[in-house]
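Colleague: Fold the following, please.
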Amino acid sequence: MHVLEVGLEHTDIVIVGAGISGIGTAHHLRQKCPDKRFVILEGREAIGGTWDLFRYPGVRSDSDMHTLGYKFKPWREAKAIADGPSILRYVNEVAEADRVHEHIRFGHRVTHASWSSESATWTVTAEKVETGETICFTCNMLLMCGGYYRYDRGHDPGFKGTEEFKGTIAHPQFWPEDLDYKGKRVVVIGSGATAMTVVPAMAGDAASVVMLQRSPTYVVSWPSQDKVANRLRRFLPEKLAYAITRRKNVRNDQNFYRRTRVEPEKVKAELIGGVRAELGEDYDVETHFTPSYNPWDQRLCLVPDADLFEAIRGGKASVVTDTIDHFTQKGIRLGSGEELEADIIVTATGLELAVMSGVSLEVDGAPVSLPETWAYKGMMYSGVPNLVQTFGYINASWTLRVDLTAEYTCRLIARMDELAMKKCVPELRDSDRAMPARPWIDDFPAGYMQRAMHLLPRQGDRDPWRHTQNFDEDIRLVREAPVGDDVLRFSRPAAEVASPAREERQLSAAR
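Modeller: Residues are numbered from 1 along each chain as shown. Predicted coordinates:
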């Protein structure tokens, strides 16, 4: 590997990732910190992240676009449960309106970042994907906006005998552009959102599609169009209509989630009843659509316009609930002994999480062990200066948190300028040191999250060390609370401080 030694490029801010988080953050910087220079480092050759990477049949959101969309840009299309290409166009519209492309370095995969307290800067190391060269940037603020899963591989459960299968095996994350499934027998392994998207999308052209699941998932049918939103747009100014719809949907989602926590059995009966109403009393809903856990202990799967149920009713798709013993030449041998024959097997087996986008960190020469840090308001980490990570919600739309985090970042930058400070770092108070450690995501036993929980930061039992996963609480904790508190410490490099006592008096007065 060749390292480029000539002239480190300095900028005020480095954003890692040009997906929905990075582009949204760039918009907020352009609007609220127009005098700050920033660069976006993106490992791929296009913006959009998830919405550019995934190309499998039917790829779509599983959140409505009035909440998955940005706060500042109304969603204009009739369908609120939108397909991937529509979402990608939306993100590109934001990038083009803000001329964000001018700030992006494509094909720059960030591998390492090192903080120096002496200069109050990060040195960010990136690999140029095409050439393998390494190039470095320095910045005052590092914003991690690269999402939460690995782009280079999905979860592999380690099925036995895959090499024996004579047909095609496709993973949704790496969908073959030339895959022809017309008239083919297809088995889709999985019961998550991806599987429930792929199955009805392929059912129209395939000879048969079987969704093979180890255990059921909660499924709810929902209209792809929001009639209230579409009606409001006809009579109200666009931004007002969008704001009303957004608040309505946020409130509805939060109320539903709250019900799953306080009356899970009642919600479970409603969800199972909805499936039974779609598939009829003769269908074995107990086996195929009745999970062993309570609603929202894992993500619910949204089915737009009942498309999955319609495919099952029409005989174009079916569900098999069983375990996989091994792959055979003709298909899959199940734990029950039955063989499912297939021409194509789709392994919709889930994601593999990437902690901090796979970027290693060090502070003043010491490696940072994220599991030993504490999360500050769910976006900064104890002992790690001038770094903000965007991590969305697992029980609501990701982008709700993107806007909150970006707004806070801009306020933080402005506050540092106001105080003439160059370093900000969350530090535990004496009263915090004995607080019990809780997982980064609490009360969410989904496999993809649990597989990586030991690699993630801790949260505490008190503010500002909680990672709430609650939009209303985060509005209070992030948007409405002042930037300065007795946890976030501001300072300047020692060489710039004429009188430490005077600086401390200035900071105390500012608080």
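Colleague: what bits of the protein have low per-residue confidence?
Modeller: By pLDDT under 70, the low-scoring segments of the chain are 1-7, 497-511.
Colleague: So if we follow the domain assignment, how does it break up?
Modeller: 9-151+354-510, 162-230+263-347 (automatic domain parsing).
Colleague: Let me see the contact set for the closest residue to Asp442 other than its chain neighbours.
Modeller: Of all residues not flanking Asp442 in the chain, Gln459 sits nearest, at 7.2 Å (C-beta to C-beta, 6 or more residues apart in numbering). C-beta: built from backbone N, CA, C; applies to glycine. Contacts of Gln459 were listed using C-beta atoms under 8 Å, 6 or more residues apart in numbering, and they are Trp374, Ala375, Gly378, Ala437, Arg438, Pro439, Trp440, Asp442, Trp465, Arg466, His467.
Colleague: Quick check: the third one vs Phe444, distance?
Modeller: Looking back up the chat, that one is Gly378. To Phe444, Gly378 is 14 Å away according to C-beta to C-beta, to the nearest Å.
Colleague: Pick out whichever of the two has more residues nearby.
Modeller: Gly378 (26 against 17; other C-beta atoms under 10 Å).
Colleague: isn't the more buried one right next to Asp474, touching?
Modeller: Yes - under the criterion of C-beta atoms under 8 Å, Gly378 makes contact with Asp474 at 7.2 Å.
Colleague: Show me whatever sits in contact with both of the two.
Modeller: Arg401, Thr468.
Colleague: what's around the spatially closest residue to Ile104 that is not a sequence neighbour, how many residues?
Modeller: Counting by C-beta to C-beta, 6+ apart, Ile104 lies nearest to Ile40, which is 4.5 Å off, once chain neighbours are set aside. The number of residues packed around Ile40, counting by other C-beta under 10 Å, is 26.
Colleague: And for Glu177?
Modeller: 5.
Colleague: surely it meets Arg55?
Modeller: Yes - with contact defined as C-beta under 8 Å, Glu177 counts as touching Arg55 (7.2 Å).
Colleague: what's around Asp430, how many residues?
Modeller: So Asp430, with other C-beta under 10 Å, has 6 neighbours.
Colleague: Look up the closest residue to His155, ignoring the ones flanking it.
Modeller: Gly350 (4.1 Å).
Colleague: Is the one you found within a helix or a strand, and which one?
Modeller: Using DSSP states H and E, Gly350 sits within no helix or strand.
Colleague: In contact with it, which residues?
Modeller: Neighbours of Gly350 in contact, by C-beta under 8 Å, 6+ apart: Gly154, His155, Gly190, Gly192, Thr194, Gly447, Tyr448.
Colleague: Which secondary structure state does Glu127 sit in?
Modeller: Secondary structure assignment for Glu127 (DSSP: H, G, I helix; E, B strand; the rest coil): strand.
Colleague: can you count the residues close to it?
Modeller: 18.
Colleague: ok, now how distant is the closest residue to Lys73 other than its chain neighbours from Arg479?
Modeller: Counting by C-beta to C-beta, 6+ apart, Lys73 lies nearest to Val94, which is 5.7 Å off, once chain neighbours are set aside. Note on Val94: its distance to Arg479, by C-beta to C-beta, is 20 Å.
Colleague: Same question for Asp282.
Modeller: Taken as C-beta to C-beta, the span from Asp282 to Arg479 is 51 Å.
Colleague: higher neighbour count, these two?
Modeller: Arg479 (12 against 7).
Colleague: can you pull the contacts of the more buried one?
Modeller: With C-beta under 8 Å, 6+ apart, Arg479 has these contacts: Leu404, Glu407, Tyr408.
Colleague: got the CA coordinates for stretch 395-413 in CSV?
Modeller: In CSV, the C-alpha atoms belonging to stretch 395-413 read as follows (Å, rounded to 0.1, in the frame of the first residue of the first chain):
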residue,chain,number,x,y,z
ASN,A,395,-38.4,1.3,16.5
ALA,A,396,-39.1,4.3,14.3
SER,A,397,-37.8,6.0,11.1
TRP,A,398,-34.0,6.3,11.0
THR,A,399,-34.1,9.9,9.6
LEU,A,400,-36.0,11.3,12.6
ARG,A,401,-32.7,10.9,14.5
VAL,A,402,-30.6,12.1,11.6
ASP,A,403,-32.3,15.6,11.8
LEU,A,404,-32.0,15.7,15.6
THR,A,405,-28.3,14.8,15.6
ALA,A,406,-27.4,17.2,12.7
GLU,A,407,-29.2,20.1,14.4
TYR,A,408,-27.4,19.4,17.6
THR,A,409,-24.0,19.2,15.8
CYS,A,410,-24.6,22.6,14.3
ARG,A,411,-25.5,24.1,17.7
LEU,A,412,-22.4,22.5,19.2
ILE,A,413,-20.1,23.9,16.5
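Colleague: can you give me the helices in the stretch 1-150 of the chain?
Modeller: In the stretch 1-150 of the chain, the helices defined using DSSP state H, counting those that start in this stretch lie at 20-32, 50-53, 65-68, 84-97.
Colleague: same deal with the stretch 351-500 of the chain?
Modeller: Using DSSP H, counting those that start in this stretch, helices in the stretch 351-500 of the chain cover 398-419, 447-450, 471-474, 500-510.
Colleague: the strands in the stretch 301-450 of the chain, which residues?
Modeller: Remark: strands assigned in the stretch 301-450 of the chain by DSSP state E, counting those that start in this stretch are 301-304, 317-321, 324-327, 331-334, 339-341, 344-347, 360-363, 366-367, 375-376, 380-381, 387-389, 423-426.
Colleague: need those strands in JSON lines with distance to Ala26 and mean neighbour count, can you?
Modeller: Putting the strands of the stretch 301-450 of the chain into JSON lines (distance: least, C-beta to C-beta, whole Å; neighbours: other C-beta atoms under 10 Å) gives the following:
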{"stretch": "strand 301-304", "distance to Ala26": "29", "mean neighbour count": "22"}
{"stretch": "strand 317-321", "distance to Ala26": "41", "mean neighbour count": "19"}
{"stretch": "strand 324-327", "distance to Ala26": "43", "mean neighbour count": "18"}
{"stretch": "strand 331-334", "distance to Ala26": "45", "mean neighbour count": "20"}
{"stretch": "strand 339-341", "distance to Ala26": "47", "mean neighbour count": "15"}
{"stretch": "strand 344-347", "distance to Ala26": "34", "mean neighbour count": "24"}
{"stretch": "strand 360-363", "distance to Ala26": "22", "mean neighbour count": "17"}
{"stretch": "strand 366-367", "distance to Ala26": "29", "mean neighbour count": "10"}
{"stretch": "strand 375-376", "distance to Ala26": "23", "mean neighbour count": "25"}
{"stretch": "strand 380-381", "distance to Ala26": "19", "mean neighbour count": "24"}
{"stretch": "strand 387-389", "distance to Ala26": "13", "mean neighbour count": "23"}
{"stretch": "strand 423-426", "distance to Ala26": "21", "mean neighbour count": "21"}
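Colleague: Just put these in TSV and tack on distance to Ser21.
Modeller: Formatted as TSV, these follow (distance: least, C-beta to C-beta, whole Å):
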stretch	distance to Ser21
strand 301-304	21
strand 317-321	34
strand 324-327	35
strand 331-334	37
strand 339-341	39
strand 344-347	27
strand 360-363	18
strand 366-367	25
strand 375-376	17
strand 380-381	15
strand 387-389	9
strand 423-426	21
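Colleague: between those strands, which gets nearest to Glu164?
Modeller: strand 324-327 (5.6 Å; C-beta to C-beta).
Colleague: Tell me the strands beside that closest one, with direction?
Modeller: The strands beside strand 324-327 in its sheet (DSSP bridges) come out as strand 331-334 (antiparallel).
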